[in-house]
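Enquirer: What would the 3D arrangement of this be:
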Amino acid sequence: MAARAPVLESVRAAILFARASVPRVAGVLGLVMLLNIAGDMAGGWAAGVSTLVATLLGSLMANAALLRLAFSDEHPGDPEFSIGPQGFQFGRPELRLLGAIGLLMLFAFLAVLFLLLLAFIFTIAMVVAVHGQTAVPTAATTLPPDVQAMLSLLILTFALALLWMAVRICLYPAATVATQRIQVFSTWRLTGGNWWRIFAAFVLLLLPAIVLAGLLEASQHFPPLQAGIAILSAAVNAFVEIPLFCGLYAYLYKRLRSANSTPAMSAAAAEVRSEGLAGPWG
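Expert: This next block holds a predicted model:
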């Protein structure tokens, strides 16, 4: 039977972690907030790309710093788990997280290519089978409404499948920092049987950001109010959401890792299993 990840207990653990950890990494979180604001204000393609890259690197540092704090008790005396001034540092944990993100981006790219190929084959098959057309559809071709509806359903199904997979591997940042190895799909086993609980915890922790996003959209006809909400949203995303999700990942990883270890396992096997296997793909 799969280990359970209780929703409210997980959310509570994430909140407690965020409250304790934010003061120690407030500097790098403040940088992420400023970069988010700069990204909203950036004009031009070059400025937008530059601020996006800077924001991603700042967020990477913030996540790594918080996860260092979460697992420092398991690595006493290890310099990799010491926190830089206000969270500013870039070392092996950041590089490993960057490697894990790179692997996920590669997987996402291959998945999109697969979707495009599948959609193309599906469209041709529908047009030929239902409407008897033999000409290959092009970008300028107007597809029949029923084909468009089926294609939209295919894309929606694919998007839901990606969401399901994203939740199943969401513990990869915690596993990567805790095990000091790049981990991606090797965390798949840990989340088995807990998809809805983890997703529910995500939704609860995202409520502040969701509310602010709604207010931001509703205030688009009032620029001064929209600017104020945008600044508040950047602050919440940096100082609330990032620490909350790092706390959630760390709590779930520790709980599910422990629950998946049994006393009958040998010491070596227990280490491999509890740390999510040796390789990034499981």
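
Enquirer: CA atoms for contacts and neighbours, from now on please.
Expert: Will do.

Enquirer: Tell me who's in contact with V28.
Expert: Residues counted as contacts of V28 (Cα atoms under 8 Å, 6 or more residues apart in numbering) are 58, 61-62, 86-88.

Enquirer: Which single one of those residues is nearest to F202?
Expert: Taking Cα to Cα as the measure, F202 sits nearest to A62 out of the contacts of V28, at 18.9 Å.

Enquirer: Quickly find the element holding the closest one.
Expert: Element membership for A62 (DSSP states H and E) is helix 45-71.

Enquirer: If I take the helix or strand that that helix is followed by and helix 45-71, what angle do their directions form?
Expert: Downstream of helix 45-71, the first helix or strand assigned by DSSP H and E is helix 92-131. Relative orientation of helix 92-131 versus helix 45-71 (axes from the mean of the first three to the mean of the last three Cα atoms, to 10 degrees): 120 degrees.

Enquirer: what mean pLDDT does the next helix or strand after helix 92-131 have?
Expert: With elements assigned by DSSP H and E, the helix or strand that comes after helix 92-131 is helix 145-168. Per-residue pLDDT values over helix 145-168 give a mean of 87.

Enquirer: Next secondary structure element downstream of helix 145-168?
Expert: Downstream of helix 145-168, the first helix or strand assigned by DSSP H and E is helix 172-179.

Enquirer: Grab the CA positions of the helix or strand just after that following helix and hand them over as PDB.
Expert: Scanning forward in sequence from helix 172-179 by DSSP H and E, the next helix or strand is helix 195-218. C-alpha atoms of helix 195-218 as PDB (Å, rounded to 0.1, in the frame of the first residue of the first chain):
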ATOM      1  CA  TRP A 195      -1.400  12.400  -7.000                       C
ATOM      2  CA  TRP A 196      -4.600  14.000  -5.800                       C
ATOM      3  CA  ARG A 197      -3.300  14.800  -2.300                       C
ATOM      4  CA  ILE A 198      -0.100  16.500  -3.700                       C
ATOM      5  CA  PHE A 199      -2.200  18.400  -6.300                       C
ATOM      6  CA  ALA A 200      -4.600  19.500  -3.600                       C
ATOM      7  CA  ALA A 201      -1.600  20.800  -1.500                       C
ATOM      8  CA  PHE A 202      -0.400  22.700  -4.600                       C
ATOM      9  CA  VAL A 203      -3.700  24.400  -5.000                       C
ATOM     10  CA  LEU A 204      -4.000  25.400  -1.400                       C
ATOM     11  CA  LEU A 205      -0.400  26.900  -1.400                       C
ATOM     12  CA  LEU A 206      -1.100  28.700  -4.700                       C
ATOM     13  CA  LEU A 207      -4.200  30.400  -3.400                       C
ATOM     14  CA  PRO A 208      -2.500  33.700  -2.700                       C
ATOM     15  CA  ALA A 209      -0.900  33.800  -6.100                       C
ATOM     16  CA  ILE A 210      -4.200  32.800  -7.800                       C
ATOM     17  CA  VAL A 211      -6.100  35.600  -6.000                       C
ATOM     18  CA  LEU A 212      -3.500  38.200  -6.900                       C
ATOM     19  CA  ALA A 213      -3.500  37.000 -10.500                       C
ATOM     20  CA  GLY A 214      -7.300  37.500 -10.700                       C
ATOM     21  CA  LEU A 215      -7.000  40.900  -9.100                       C
ATOM     22  CA  LEU A 216      -4.300  41.800 -11.600                       C
ATOM     23  CA  GLU A 217      -6.500  40.800 -14.500                       C
ATOM     24  CA  ALA A 218      -9.500  42.700 -13.100                       C
END
